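>>> Coordinates for the following, if possible.
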Amino acid sequence: MYTVVITDLNGCTTNLDVEVGTQDVTIDLTEVTTEVICTSNNGAIDLSIAGGTAPYTISWSGPGGFTSSDQDLVNLAPGTYSITVTDANGCSATKNIEVTIDMQVITAVPTVTATSCTGATGAISLVVSGGNPAYTYSWNGPANFRADTKDLTGLVAGMYTVVITDLNGCTTTLDVDVNSVDVAIILTETITQSICGNDNGSVSMQIQGGTAPYTISWSGPNGFMTDTKDINAISAGDYTVTITDINGCTVTKNITVANTDVSLIATPTVADANCRTTDGSITVQVNGGTAPYTYEWNGPAGFTSSQTGISALAPGDYTLVITDANGCTVNLAMTVGEIICCDITATASAPDILCDQTAVDIIVEAKDGYLPYEYSIDGGATYQTSKLFTNRPAGNYTITVRDAKDCIATTDVIINQIPNTVAATLTTPDIPCGFSTGTITVSASNGTAPYRYSLDGGNSFQNSNVFNDLPAGDYTILVIDANNCTTTVSGSLVQLVSTIVVNVAAPDMPCGATTGSFRVNASNGTAPYKYSIDNGVTYQDSDLFADMAPGDYTITVLDAGGCLATATVSFVAIPNPVVVTNDPAAVCAPATIDLTAAAIIAGSDAGLFYSYWMDEEGVTPVAQPGAVTTGRYYIRGTATNGCAIIQPVNVTVNALPLLQVTNPLAVCQPAAVNILEASVTAGSEPGLTLSYWRDDQTSQPIGNPGSLIQSGTYYIRAVNAAGCVMVKPVVVTSLEAPELVITDPAPVCSPNTVDITTAAITAGSDADLGLSYWRDESATIALSGPGAIPQSGTYYIRAVNSNGCTEVKPVNVVVHALPEVSISGVDSLCLGLITDLTIRLKGTGPWSFSYSDGSQTYTINNHGSDLYKLKVKPNATTKYTILSVSDRNCSITANGIEHTLWITYPIPGTTLPPVFTNGNTPTPLNARDLGPHYNMFNWSPTVGLDRYNIIDPVFNYDKRVQYRISMRSEAGCETIDTLVVNVINSTIPGVTPEVLVPTVWSPNGDGRNDLLFPFTINVRELRWFRVFNRWGELVYETKALGAGWNGYYKGAIQPLDTYTWVAEAIGINGEVIRKTGLVTLVR
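Presented below is the predicted three-dimensional model:
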């Protein structure tokens, strides 16, 4: 855009905007395409270029990453190819060229031979033409039928599909229906109806037509089924029979066996039972039906009978079922009544009224009447349903009882009032001295036991007549008996004091004793006595105190009455001589110890006489004190004053160690024997130090006693804590191990299984081995079903030879999982676009799979990735179906794996009405709303917009802009609209305000120059803009900047003509601008 300001000699000026555009030079591209024949990549594009300036730069792109810079292309796959041609001046042209597929027609005409019913006698023969012979055939049919020949025989009825492929890979698919011709089978039946609902009907069948032999199948009521031609002893109901001949031809017929009822009439005669007897009876007269008859009676208390008439009956309801010889029945219900008699009796009872009561309840019992009973205490004036009369005072009462038959009985009852005659006495023994409480015992009489007793005036009672732990004082006891009659009695408890006399006798202590004993003599108290030496903290029953150390003691005496007294006693000690014994050093057996050695009594008093004893009491002397063995001995030292002391001395003669050797169990090679194991020396004394040797002289040590691999005799040397030694032999045995050879089985595909029990798995192993099969290397978890293993894994075979040695080795089983496949992609696509469908594969690559687009089948072989991108460009909604997939190991036929791609159609673009606004004024713009699926927007150029990727950006700029609006749907459809934004009031610093109106405008709806309005420069306000026709009639007026006339007046479009306009505006500097002029309306 260029702007010029023109100024004349008088200083008058005018402004003019001039836009310089770009002249694009057209480059025309034309092409001649050669179609791809079916699945061959033999397409071609012959391109011609016209216009522009040579030389040209050519850039092709196409399916599967195809690129080229050649002008003409050959050996092309089907798809869309895009070419961009750029000339020497940078002008370019782009074009999309579609290379389509020429699906050459292959025609196949079948000739069909139908089957007979379900037999396999059908046939199909084909006549094939078209395409490029020779042909290959792939048949599919019922029950997984497969064939690759042109013609088929021995077919069952059903739909057969053949895919015919020629040398160019062109295919055609043909569905052929092999029909079944049914042969008529005619059934005739003879029916015998059931009588009275019994199983005595029958059906006899006659069969004509079809081909014998026949298969017969009956069904009927209550799960009835049989395969015989005729059926007998059947109940009434609907039966269905199906007859099938040898060719599978069938006929089904429904047959109804009806029920015939025979009238059976019975008339009863009933005699009621007399009062409370069982002398009722019923007789029955039977007419109709077929004799003989059977009778089934039921009545009260489990009564049953099969007699014609019944007697000796109790009153009640009886039922009878009579059945004749054909099983026809009649049911009767009868009641045997009772002749009423009044034998009702009644008794009444009531307890006596206790001392603290004023009334009691009367209870009445009735029998031998008719329930329910009613009760009256006022001579029958009123009755109640309860048999209990409550709160009745002492007196005589007559009770009347009435039963359900109005029979009456009366009974008398007397209520007595009990008098109070209770008496009581107390026993109150004195409280012994030393005690603070005593006991009161109550003796009650002349009342009704049991009695209860209260010490607090009746606030609380106890069942016991003894009150314990009472201090000295006066007490009053309240006594109450079983009839709540009461009395009181009083008494006192007295506290006693002590009069005990105590004497203590203390003899001299024994020689050398450290303790003594003395005896206490107590009198003038109440025996028995107790004695304490710790001021009464503890007491003993004995008057003797033994093991007392020298010193002064105070003795406390307690008598049976709790009274106390004290006395004192003193002791003096005489010392013993000092005897010290020293334990001699230990020796090993068979050596001995001399007890008379001076070292043993070193440290004792001098001048003592010594003797040697076996016991601490010095009773049994040592026979040979100069040669003793292990034990505890005693040495007595006696002083000249006769006092002696005896001391122990411990002699240790250590025994040889106890070494117990158990030969280890034999092991199987290459296992080693560990004679260090605790089990080898189990039973030996603990704490031994063990070493291991090759000879009994322990001169050749064993290098590795924990891993001996050779049979032989070895030796164990044991040293105990005392240093004594013992050597014993141990025998080691090593056995030959089995030879087990494992060959892993060949892999299989699920759901097939692997049998590891076959001889091939262990071929090459020792003969006569015992084999077992396990899940773990330790052979602790047994393998169930080793002959049919369904899962991959490492399993284990354990072999046992004749000497019991075992070998466990792994066997690797491979059960390949079946490959998996899925297809996904966008749900919708705009017509003419290309998209990728994602095929995901699971398993072990490479994979091969086939798929169909509904019209043709395609196969992808040896695809190494688990992801395949399938480029598609459907012309209509298409369902893509995965037919089969295989991986490196297995293959499957896919079921239900499909994706439907829905085709949508683009919406044409348009030119939107122009927008007029002031310069640098925020103005909302709006693209077309094409619905919720069009949600991607792109405005270009982006100049003057706050955002370019939304439906409603805001314009804020001072220049006219033409926008290209791209609106794209989720399916990829693109619609492009054009919108022009006109800036009508530019703000130019330093320029005089101005109002400009064009001299011509064309309101024809093309989006260009459709409105007549004033263009303003530096204008603050438009006071008016008015347009008049040639007759001076005002046809348009506005005060809004940017608003304009569309050429309509009073709803009618105005004619081509010249119109007069006038305008008045106020500039930004306050200047008033008035302008007028002519404008021509054209179209």
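>>> residues in contact with the residue most central in space within the chain?
The residue lying closest to the centre of the chain (Cα atoms, centre = their mean) is residue 791, at 25.4 Å. Residues in contact with residue 791 (Cβ atoms under 8 Å, 6 or more residues apart in numbering) are 813, 815. Backbone N, C-alpha and C define where each C-beta goes, glycine included.
>>> partner residues bridging residue 194?
residue 259 (DSSP bridges).
>>> Doesn't the residue nearest to the centre of the chain lie inside a helix?
No. Under the criterion used here (DSSP: H, G, I helix; E, B strand; the rest coil), residue 791 is coil, not part of a helix.
>>> name the helices or strands packed onto the helix or strand encompassing residue 268?
In this assignment (DSSP states H and E), residue 268 forms part of strand 264-271. Other elements packing on strand 264-271 under the criterion 3 or more Cβ pairs under 8 Å, 6 or more residues apart in numbering; DSSP states H and E are strand 280-288, strand 316-323, strand 329-336.
>>> could I get these as TSV with distance to residue 1037 and mean pLDDT?
Listed next are the helices and strands packed on strand 264-271 as TSV, based on distance: least, Cβ to Cβ, whole Å; pLDDT from 0 to 100:
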stretch	distance to residue 1037	mean pLDDT
strand 280-288	115	90
strand 316-323	111	91
strand 329-336	108	90
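>>> Can you add mean neighbour count and distance to residue 209 and give those back as JSON lines?
Formatted as JSON lines, these follow (neighbours: other Cβ atoms under 10 Å; distance: least, Cβ to Cβ, whole Å):
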{"stretch": "strand 280-288", "mean neighbour count": "16", "distance to residue 209": "46"}
{"stretch": "strand 316-323", "mean neighbour count": "17", "distance to residue 209": "44"}
{"stretch": "strand 329-336", "mean neighbour count": "15", "distance to residue 209": "44"}
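>>> So for residue 310, which of those strands sits nearest?
Residue 310 lies closest, by Cβ to Cβ, to one member of those: strand 280-288, at 5.4 Å.
>>> for that closest one, packing partners?
Under the contact criterion of 3+ Cβ pairs under 8 Å, 6+ apart, strand 280-288 touches strand 264-271, strand 310-313, strand 316-323, strand 329-336.
>>> could I get those strands as CSV with distance to residue 211?
Below are those laid out as CSV (distance: least, Cβ to Cβ, whole Å):
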stretch, distance to residue 211
strand 264-271, 50
strand 310-313, 65
strand 316-323, 48
strand 329-336, 48
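>>> Indicate which one of the ones you listed is closest to residue 90.
strand 329-336 (112.9 Å).
>>> Kindly export that closest one (C-alpha atoms) in CSV.
Extracted in CSV, the C-alpha atoms of strand 329-336 (Å, rounded to 0.1, in the frame of the first residue of the first chain):
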residue,chain,number,x,y,z
THR,A,329,-61.5,-90.8,41.7
VAL,A,330,-64.0,-88.9,43.7
ASN,A,331,-63.2,-86.9,46.9
LEU,A,332,-65.5,-86.4,49.9
ALA,A,333,-65.2,-84.3,53.1
MET,A,334,-67.4,-85.1,56.1
THR,A,335,-67.6,-84.0,59.8
VAL,A,336,-68.5,-86.2,62.7
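>>> returning to that earlier point: what is the rounded mean pLDDT of the strand holding residue 268?
Strand 264-271 shows a mean pLDDT of 88 in the predicted model.
>>> Direction included, what does that strand pair up with?
By DSSP bridges, strand 264-271 pairs with strand 280-288 (antiparallel).
>>> quick one: the strand it pairs with to strand 316-323, angle?
Inter-element angle recorded for strand 280-288 and strand 316-323: 20 degrees (by axes from the mean of the first three to the mean of the last three Cα atoms, to 10 degrees).
>>> Go through whichever helix or strand comes after strand 280-288 and flag the buried ones.
Going down the chain from strand 280-288, the next helix or strand is strand 294-299, by DSSP H and E. The neighbour-count check on strand 294-299 (16 or more other Cβ atoms under 10 Å) flags 295, 297, 299 as buried.
>>> beta partners for the closest residue to residue 184 other than its chain neighbours?
Here the nearest residue to residue 184 in space, its sequence neighbours aside, is residue 209; by Cβ to Cβ, 6 or more residues apart in numbering that works out to 5.0 Å. Residues in a beta bridge with residue 209, per DSSP bridges, are residue 185.
>>> count of neighbours near residue 209?
13 (other Cβ atoms under 10 Å).
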